[in-house]
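Peer 1: show me the folded form of this:
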Amino acid sequence: MKFIIGKDRKQTCLFPISLEDAIESENSVRSIDQFVDSLDLAKLGFRLDFTENGPPAYHPSILLKLYIYGYMNRIRSSRQLEKECRRNIEVMWLLESLAPDHNTISNFRKDNAKAIKKVFFATVQIARNFGLIGATLIAG
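Peer 2: Numbering: from 1, shown residues only. The predicted model follows:
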């Protein structure tokens, strides 16, 4: 009986696949990317000015994209999100191959709790504008 044989791991490819080609046009990470890029982060309360002391910081939009991706895929742990940054092609595409560590992810959540709530209120407003939710109270 014949079996499907995989590629040799040591074999190099003449035309490597790009991350852009690996993510379908209808993938949810594309909508996350577009949504976060459309937000005015400063107006929502995210801190955009950092001192030049120590290593450069990650832009809040990168960490917000990761947070929303984790929320949509039921990944709550900052350590698990850190792992996904290194092994998940969707996250690599979304974060442009950046890989923040778990402390950075955890501190982002802690330091921007109010701003993150405002982001989720913005998603509800978008859903209302598209007629996806009715916002009616039904009681019995």
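Peer 1: any idea of the mean pLDDT in stretch 45-58?
Peer 2: Mean per-residue pLDDT for stretch 45-58: 82.
Peer 1: oh, that last question was meant for stretch 108-118, not what I typed.
Peer 2: Here the average pLDDT along stretch 108-118 is 94.
Peer 1: might you report the residue contacts of the nearest residue to A42 once chain neighbours are set aside?
Peer 2: Using Cβ to Cβ, 6 or more residues apart in numbering and skipping residues adjacent in sequence, the residue nearest A42 is L48, 5.3 Å away. C-beta coordinates here come from the backbone N, C-alpha and C atoms, glycine included. Contact analysis of L48 by Cβ atoms under 8 Å, 6 or more residues apart in numbering lists L41, A42, H59, P60.
Peer 1: L94 too?
Peer 2: V29, I32, D33, K65, L66, Y69.
Peer 1: please name the nearest non-neighbouring residue to it.
Peer 2: Using Cβ to Cβ, 6+ apart, the nearest residue to L94 is V29, at 4.6 Å.
Peer 1: most neighbours, which of the contacts of L94?
Peer 2: Among the contacts of L94, the one with the most neighbours (other Cβ atoms under 10 Å) is L66, at 28 neighbours.
Peer 1: work out for me the element it sits within.
Peer 2: L66 belongs to helix 60-72 when assigned by DSSP states H and E.
Peer 1: how about that helix: buried residues?
Peer 2: Buried residues in helix 60-72, counting neighbours by 16 or more other Cβ atoms under 10 Å, are found at P60, S61, I62, L63, L64, K65, L66, Y67, I68, Y69, G70.
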